[in-house]
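Q: Fold the following for me, if possible:
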Amino acid sequence: MKINVLYDSQGKILSAGVPLPQSYDFRGPRSGPKASEGQYAAELDVPEEHAQLNFAELGDRLRVDVKSKQHKLISKSE
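A: Numbers count the residues shown, from 1 in each chain. You can find the predicted model right below:
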């Protein structure tokens, strides 16, 4: 499962949402979270062991690993 994530330079998740499928037909631009200065937006994979969590729980239990070459979601305990 992929989610759109807005996060800061420390990897704290500020916002999360479901990306629209490419097949979704609507009138208007496709958009996701908009990053402000010092923030980043990305579509990231949710680790399988956390896939059942709702968005609030994802923000409580996960962070973005900003030290890896390719940012990814990891448990806050890592």
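
Q: Give the other helices and strands that the host helix or strand of L73 contacts.
A: Element membership of L73, judged by DSSP states H and E, is strand 72-75. Strand 72-75 sits against strand 39-45, strand 62-65, with contacts defined as 3 or more C-beta pairs under 8 Å, 6 or more residues apart in numbering; DSSP states H and E. For glycine as for every other residue, the C-beta is placed from the backbone atoms N, C-alpha and C.

Q: Return the most buried member of the ones you listed.
A: Mean neighbour counts were taken over the helices and strands packed on strand 72-75 using mean count of other C-beta atoms under 10 Å, and the top value, a mean of 21, falls to strand 62-65.

Q: Same list, the helices and strands packed on strand 72-75, but as JSON lines with mean pLDDT and distance to S9 please.
A: JSON lines is the format used below for the helices and strands packed on strand 72-75 (pLDDT from 0 to 100; distance: least, C-beta to C-beta, whole Å):
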{"stretch": "strand 39-45", "mean pLDDT": "92", "distance to S9": "8"}
{"stretch": "strand 62-65", "mean pLDDT": "97", "distance to S9": "10"}
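
Q: mind checking how far stretch 43-60 is from the chain centre?
A: 9 Å (C-alpha atoms, centre = their mean, to the nearest Å).

Q: rewinding a little: mean confidence score for the strand holding L73?
A: Rounded to a whole number, the mean pLDDT of strand 72-75 is 96.

Q: The residue lying closest to D65 once chain neighbours are set aside: how many residues sit nearby?
A: Here the nearest residue to D65 in space, its sequence neighbours aside, is I74; by C-beta to C-beta, 6 or more residues apart in numbering that works out to 4.7 Å. Burial of I74, expressed as a neighbour count using other C-beta atoms under 10 Å, amounts to 16.

Q: Report the separation between I74 and R61.
A: As for I74, its distance to R61 is 10 Å (criterion: C-beta to C-beta, to the nearest Å).

Q: same question, K76
A: Distance, K76 to R61, by C-beta to C-beta: 6 Å.

Q: what's the answer for S75, then?
A: Where R61 is concerned, S75 sits at a distance of 6 Å (C-beta to C-beta).
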